[in-house]
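K.L.:
predicted model and sequence below, questions to follow.
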Amino acid sequence: MASTSTFLLLALTAFPLLCMGAAAFDYPPLVKGLSWTFYKSSCPKAESIRDVGLAAGLLRIHYHDCFVQGCDGSVLLDDSDGEKFAPPNLSLRQSGFNVINDIRNLLQKECGRVVSCADIAALAARDSIFLVEGPDYKVPTGRRDGLTFASRATTLESLPLPSSNATSLITALGKLNLDTNDLVALSGGHSIGIGHCSNFTDRLYPTQTPTCPPANTENENVLDIRSPNVFDNKYYVNLMKQQGLFTSDQTLHTDSKTRDLVISFAVDQSLFFEKFAYSVAKMGMLNVLTGSQGRSVPTAPSATRSEPTRPCRPSSTATARPPPSRAAGAENCNSQANKRAHVVCRRSSALIVVYITMGLPNLD
């Protein structure tokens with residue numbers, strides 16, 4: 001797959017925009033302590049600061065954070081015994097973690113040490129999905145960051161395997177109070193990204209002659225062969241045509257408990273977007289820390305095991321460029337010439353100026 005340099009937000013220019021807000025989806029009831037406008041006073045621009053690439057990587061970080069110990073930012077902890085270095089998380093993109101660092105640094109400069117890393121992960125996933133043509137959904141904020149991380153054993157137990165069948169997936173998500181609708185909707189995250197061959201070679205080669213390629217191949221393949229760089233419902237079309245990459249994908253169509261939902265999403269993208277928005281908001285409230293629990297921001301890196309280092313720290317990779325004039329910003333907001341520049345204008349009361357490196361983003 002073609003790749004480019006990471007898309008980085010570079011400058012922030014405040015002025016009103018005549019742009020649309022988030023779509024009017026239905027959402028689950030908010031968990032106590034979370035709010036749709038948590039940072040309205042303390043950091044009004046928190047939801048405007050965004051990255052425009054790495055959509056699949058950022059969404060996956062948010063998933064893996066929430067599925068293990070709740071949405072508390074613990075997957076961001078750098079300790080070698082932590083969740084981040086458990087086998088299922090070793091394939092999480094380092095560039096995704098770097099993006100969260102950069103956003104955290106920009107927010108600190110704008111608002112001080114106010115916005116939690118758990119909220120940044122949720123917001124970055126949301127905005128990235130929207131910028132690859134996915135739904136524009138709301139994210140409740142007010143999460144606080146955890147002080148501890150789950151063990152490797154707990155991480156392994158909490159994250160479903162690519163080889164899982166529908167029954168085991170339903171059971172695993174049921175333990176998190178997520179139902180079959182949530183399972184099928186959240187699986188739509190595989191509309192973008194890549195899969196590592198080690199996770200699906202058992203589906204490609206006969207077990208009696210496992211001679212080609214070698215078992216330790218590091219090859220990769222896109223998860224959605226029809227529209228790998230767009231967040232849409234083609235993932236479900238693939239499943240109906242027996243083209244799901246992982247067992248955990250294809251089982252959703254072969255199993256009668258989930259097949260009807262797959263078909264519904266395959267024929268109605270608006271329905272998929274609506275259900276995805278509901279389910280990702282529901283997932284984003286799993287076992288959250290709020291109020292006086294945890295901490296709102298990471299402390300300074302510590303050499304002690306009791307205070308593991310977070311990657312939510314200033315990054316040396318961010319580059320600054322001057323913001324365009326007001327006229328140029330307004331032109332971007334109304335122009336269809338560059339969709340990635342256009343879509344950043346659709347939400348918020350502050351223009352986020354983005355430097356865009358042309359080409360296809362590497363969305364693994």
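P.N.:
Arrived safely. For clarity, every value in this text was computed on a predicted model and none was experimentally measured. Numbers count the residues shown, from 1 in each chain.
K.L.:
what's the closest non-adjacent residue to residue 290?
P.N.:
Distance criterion Cβ to Cβ, 6 or more residues apart in numbering; nearest residue to residue 290, sequence neighbours excluded, is residue 33 at 2.4 Å. (Each C-beta comes from the backbone N, C-alpha and C, glycine too.)
K.L.:
I'd assumed residue 285 was in contact with the one you found.
P.N.:
No. Here residue 33 does not reach residue 285: they are 9.6 Å apart, not a contact under Cβ atoms under 8 Å.
K.L.:
can you give me the helices in the protein?
P.N.:
55-67, 94-111, 117-131, 152-158, 166-174, 180-187, 234-240, 247-254, 256-267, 269-283, 326-334, 339-343 (DSSP state H).
K.L.:
quick revisit: more neighbours: residue 33 and residue 285, which one.
P.N.:
residue 285 (23 against 17; other Cβ atoms under 10 Å).
K.L.:
contacts only, for the more buried one.
P.N.:
28, 30, 31, 34, 71, 140 (Cβ atoms under 8 Å, 6 or more residues apart in numbering).
K.L.:
what are the phi and psi values for it?
P.N.:
Note on residue 285: its backbone torsions stand at phi -110, psi 10 [degrees, to the nearest 10].
K.L.:
how close does it sit to residue 54?
P.N.:
Residue 285 is 24 Å from residue 54, where distance means Cβ to Cβ, to the nearest Å.
K.L.:
now residue 88
P.N.:
With Cβ to Cβ as the criterion, residue 88 and residue 54 are 19 Å apart.
K.L.:
now swap in residue 124 and tell me
P.N.:
9 Å.
K.L.:
shared neighbours of those two, anything?
P.N.:
With Cβ under 8 Å, 6+ apart, residue 124 and residue 54 have common neighbours residue 99.
K.L.:
just to revisit the earlier point, residue 145 is nearest to which of the helices of the chain?
P.N.:
Residue 145 lies closest, by Cβ to Cβ, to one member of the helices of the chain: helix 117-131, at 5.2 Å.
K.L.:
what's the closest non-adjacent residue to residue 287?
P.N.:
residue 70 (2.6 Å).
K.L.:
can you count the residues close to that neighbour?
P.N.:
That count, for residue 70 with other Cβ under 10 Å as the rule, works out to 20.
K.L.:
kindly report the domain assignment for the protein.
P.N.:
8-157+284-355, 163-282 (automatic domain parsing).
K.L.:
compare the ones you listed and say which comes out lowest on pLDDT.
P.N.:
Mean pLDDT values for the domains of the chain show the minimum at domain 8-157+284-355, a mean of 67.
K.L.:
what sits up against stretch 82-91?
P.N.:
For stretch 82-91, the external contacting residues (Cβ under 8 Å, 6+ apart) are 64, 68-69, 74-79, 92, 149-150, 152, 155-156, 159, 161, 196, 308.
K.L.:
ends of it, what's the gap?
P.N.:
Terminal residues of stretch 82-91 lie 14 Å apart, using Cα to Cα, to the nearest Å.
K.L.:
quick check: the closest residue to residue 289 other than its chain neighbours vs residue 99, distance?
P.N.:
In this structure, residue 289 finds its nearest non-sequential neighbour in residue 144, 4.3 Å apart by Cβ to Cβ, 6+ apart. From residue 144 across to residue 99, the span is 21 Å (Cβ to Cβ).
K.L.:
these two - which one has more neighbours?
P.N.:
residue 99 (30 against 22).
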